[in-house]
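1. need a structure here:
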Amino acid sequence: MSTKPSYFKLKAGDQRDIIATASEETGRAESVVEKDIWLCLVLEQLFGMPGAKAMAFKGGTSLSKVYGAISRFSEDVDVTIDYRNFAPDTTLQDFKNLSGNQRKKQGEALKNSVAAYVSEVLKPYLETQFATLVDGECGVEISGDEGEEMRIHYPSRVRETGGYLKEYVLVEFGGRNIIDPNAVHTIRPEIADLFPNVLFPSAQVTVLAGERTFWEKVTLVHAACNKPFPEGLNRNSRHWYDLAMLAEHDCGIRAKTDIALLEDVVELKSVFFNHSTANYDWCLQGALNLIPTGANLDLLHADYNAMIAAGMLNGHVLPMDRILGVLEGLQLEINSDSTARNAQAVGMV
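-> Next up, the predicted model:
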């Protein structure tokens, strides 16, 4: 057992000094430094829970903290609980064979299973752990319309208020996906090495492969571009940024050669996340759409500017025009490859 004092047991003033010093050393906003510490604690406890169901950490936070594919602070935690935990005897083909209404009912059943697991298992466990680790100073709240989200509120030691970052870690759980391929990675706060005499959380986390995350981002952005954006994008411009960065990263370069993985993502999303405008099949038919237009484009710019103002980007800030340029190229590349592949398949018949 380490003899170093835990960051979470330090006096509030000492925590504040650490955050301020780290902010000066790294150039990151104090709120970003602080939230990263709490985010790692949440991951440490979630993935260290005895007997936990098979799940994987994914999304933007994994892209920054594990793969180094993006240069932004990702403030939330996205966790997939493998749907086979809740329907062990049901294959994806079984779901596909159901009628639309039956499939919808089964999807709702999976969501209800996730909500029950979050409220009845994860929440009590985390409350017990935090009561010991941080003297009960943080609260665990079930949130979201369907109970699949959890907010871990923490006592902020920074002077910044009312900013882009919220003083809680949002954990978004999903149970209508799989967690393959994946690998285990160690995740620590970015500032841990600056303070070797202080004990910071260190999480051993099952992380979804960056290649699958790439295709999940592609299909997410595609579906979003096929309908009007909500007035408040609520930080969703991050998906366009992430995808542009991934497109030029090893994860994205490898993913673009793995069409079977794209087919798997499209098949699963068409079963569990389909809606009238999603048109996931277009991603395989040369009609992928990654570029918003009109009012959607204006909303995207506004949300991205708010993200920049909040200090969410580390180092070089990629302009939105550059992001859209990269994605136009990516869209053309994927569509051209799909068209050529489909033409070749027709010629072989």
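2. what comes into contact with the lowest-mean-pLDDT helix or strand in the chain?
-> Lowest on mean pLDDT, DSSP states H and E among the helices and strands of the chain sits helix 60-65, with a mean of 90. With Cβ atoms under 8 Å, 6 or more residues apart in numbering as the test, helix 60-65 has contacts from 39, 69-78, 187, 190, 207-208, 210, 213, 238-239, 242, 245-246, 251. (Each C-beta comes from the backbone N, C-alpha and C, glycine too.)
3. try stretch 238-249
-> Outside stretch 238-249, the residues that touch it by Cβ under 8 Å, 6+ apart are 60, 63, 67, 69-72, 74, 210, 213-214, 217-218, 220-221, 224, 252, 255, 290, 300, 304, 307, 312, 318, 320, 322-324, 326-327, 329-330.
4. Just the buried residues from the residues you listed, in ChimeraX please.
-> Here is the ChimeraX selection string for the buried members of the contacts of stretch 238-249, based on 16 or more other Cβ atoms under 10 Å:
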select :60,63,67,69,70,71,72,74,210,213,214,217,218,220,221,224,252,255,290,300,304,307,312,318,320,323,324,326,327,330
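5. Phi first, then psi, for the most centrally placed residue in the chain.
-> Closest to where the C-alpha atoms of the chain average out (Cα atoms, centre = their mean) is Gly59, at 2.4 Å. Backbone geometry at Gly59, expressed as degrees, to the nearest 10, gives phi 80, psi -170.
6. Tally up the residues packed near the residue nearest to it when sequence neighbours are not counted, please.
-> Using Cβ to Cβ, 6 or more residues apart in numbering and skipping the chain neighbours, the partner closest in space to Gly59 is Asp78 (3.2 Å). Asp78 has 20 neighbouring residues, counting by other Cβ atoms under 10 Å.
7. With the one 5 residues further on instead?
-> For Tyr83, the tally of surrounding residues (other Cβ under 10 Å) stands at 25.
8. What residues does it make contact with?
-> Tyr83 sits next to 110, 175-178, 272 when contact means Cβ under 8 Å, 6+ apart.
9. hang on, the earlier thing: which members of the contacts of helix 60-65 occur in helices, if any?
-> Cross-referencing the contacts of helix 60-65 against helices under DSSP state H gives 39, 210, 213, 238-239, 242, 245-246, 251.
10. how about the contacts of Tyr83 in CSV, adding distance to Leu10 and neighbour count?
-> Listed next are the contacts of Tyr83 as CSV, based on distance: Cβ to Cβ, whole Å; neighbours: other Cβ atoms under 10 Å:
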residue, distance to Leu10, neighbour count
Leu110, 42, 22
Gly175, 37, 27
Arg176, 41, 21
Asn177, 38, 21
Ile178, 40, 18
Phe272, 44, 20
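11. The helix or strand that Gly13 is a member of: which residues count as buried?
-> Applying DSSP states H and E as the criterion places Gly13 in helix 12-26. Neighbour-count burial for helix 12-26 flags 15-16, 18-19, 22-23 (criterion: 16+ other Cβ under 10 Å).
12. could you give me the average pLDDT of it?
-> The pLDDT scores in helix 12-26 average 96.
13. Can you list the helices and strands that that helix packs against?
-> On a contact count with 3 or more Cβ pairs under 8 Å, 6 or more residues apart in numbering; DSSP states H and E, helix 12-26 meets helix 30-47.
14. After the helix it packs on, which helix or strand is next? Please name it.
-> That would be, after helix 30-47 and using DSSP H and E, strand 55-58.
15. could you pull out the helices for the stretch 151-300 of the chain?
-> Using DSSP state H, counting those that start in this stretch, the helices assigned to the stretch 151-300 of the chain run over residues 210-225, 238-247, 250-255, 259-272, 294-309.
16. packing partners for the first one?
-> The reference is to helix 210-225. Applying 3+ Cβ pairs under 8 Å, 6+ apart, one finds that helix 210-225 contacts strand 55-58, helix 60-65, helix 238-247, helix 250-255, helix 259-272, helix 320-348.
17. Can you check what angle separates that helix from helix 320-348?
-> Relative orientation of helix 210-225 versus helix 320-348 (axes from the mean of the first three to the mean of the last three Cα atoms, to 10 degrees): 100 degrees.
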